[in-house]
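# the following block contains a protein sequence and its predicted model.
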Amino acid sequence: DAKTTQPTSMDCAEGRAANLPCNHSTISENEYVYWYRQIHSQGPQYIIHGLKNNETNEMASLIITEDRKSSTLILPHATLRDTAVYYCIVSSSNTGKLIFGQGTTLQVKP
Amino acid sequence: DSGVTQTPKHLITATGQRVTLRCSPRSGDLSVYWYQQSLDQGLQFLIQYYNGEERAKGNILERFSAQQFPDLHSELNLSSLELGDSALYFCASSVEQGYGYTFGSGTRLTVV
């Protein structure tokens, strides 16, 4: 599975959009981009995933560049409850397993 | 409630002992995954089962073993426990390989 690179930490003001970048320059054509988050010591929570096209759900939007080498997770209106570690993971449907890196610690500030 | 049930939530045991962690996947999910999260290691993939068969192995120690039963629940057995095995152990499930997981709330194991 391709490796991902994320900033270690980011801050965001409450009510503003949080844009979390992820680089995955070695991604293969059959590999998906997944985003999860972990709030404190709770179980990681699925946010969104995509292959080529941009995706949106009730939690977030995922923007994947045309060359698929990077992506951005957008939380449109961050709240204090969005403070968490956000993981960007690349994985193919063949392997199934998701390998978590260190993620980005997002701190949403009042 | 994610639909993935892990028991017990907390476990304190002594070094050298053996424990069993249990996971009931979300209804309809065939795949079960186990992860270990310690303070200095992050989330480490241990092992995956799909419909009763082992499908992938990660950084799982020989002292650890797992299985998935016909009713699809899974157990992670940890033996000859060491202080360094103290961690959060998460189970996740998915309908099939390649789909997003749903995680349980974890079992916090403390070895004293």
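Okay, I see it.
# wait, is residue B:84 part of a helix?
Yes - assessed by DSSP: H, G, I helix; E, B strand; the rest coil, residue B:84 belongs to a helix.
# in contact with it, which residues?
Residue B:84 makes contact with B:38, B:111, according to C-beta atoms under 8 Å, 6 or more residues apart in numbering or on different chains. Every C-beta, even on glycine, is put in place using the N, C-alpha and C of the backbone.
# so it versus chain A, what's the distance?
To chain A, residue B:84 is 18 Å away according to C-beta to the nearest C-beta, to the nearest Å.
# and residue B:111, by the same measure?
Separation of residue B:111 from chain A (C-beta to the nearest C-beta): 17 Å.
# what does chain A have sitting close to chain B?
Residues of chain A lying close to chain B (C-beta under 8 Å from any C-beta of the partner chain) are A:32, A:34, A:38, A:41-46, A:49, A:87, A:91-103.
# what mean pLDDT does stretch A:47-54 get?
Mean pLDDT, computed over stretch A:47-54, is 92.
# likewise stretch B:69-82?
For stretch B:69-82, mean pLDDT rounds to 97.
# for stretch A:69-81, same thing?
For stretch A:69-81, the mean per-residue pLDDT is 97.
# so how far is that stretch from its chain's centroid?
Counting by C-alpha atoms, centre = their mean, to the nearest Å, stretch A:69-81 is centred 8 Å from the centre of its parent chain.
# what's that stretch in contact with?
Stretch A:69-81 is contacted by residues A:12-25, A:27, A:33, A:35, A:39, A:47-48, A:50, A:59-65, A:82, A:86, A:88, A:106, A:108, A:110 when judged by C-beta under 8 Å, 6+ apart.
# just the buried ones from those residues?
For the contacts of stretch A:69-81, a burial check counting by 16 or more other C-beta atoms under 10 Å in any protein chain shown picks out A:12, A:18, A:20, A:22-24, A:27, A:33, A:35, A:47-48, A:50, A:60-64, A:82, A:86, A:88, A:106, A:108.
# host element of residue B:61?
Under DSSP states H and E, no helix or strand contains residue B:61.
# strands - which of the residues of chain A next to chain B land there?
When DSSP state E is applied, these are split such that A:32, A:34, A:38, A:45, A:46, A:49, A:87, A:91, A:92 fall in strands.
# got the contact list for the fourth one?
Pointing back at residue A:45 there. Neighbours of residue A:45 in contact, by C-beta under 8 Å, 6+ apart: A:36, A:37, A:38, A:39, B:103.
# please name the nearest non-neighbouring residue to the last one.
This means residue B:103. residue A:43 (3.4 Å; C-beta to C-beta, 6 or more residues apart in numbering or on different chains).
# kindly report the same for the second one.
Spatial nearest neighbour of residue A:37, chain neighbours left out: residue A:84 (4.3 Å); criterion: C-beta to C-beta, 6+ apart.
# with that, I have no additional questions.
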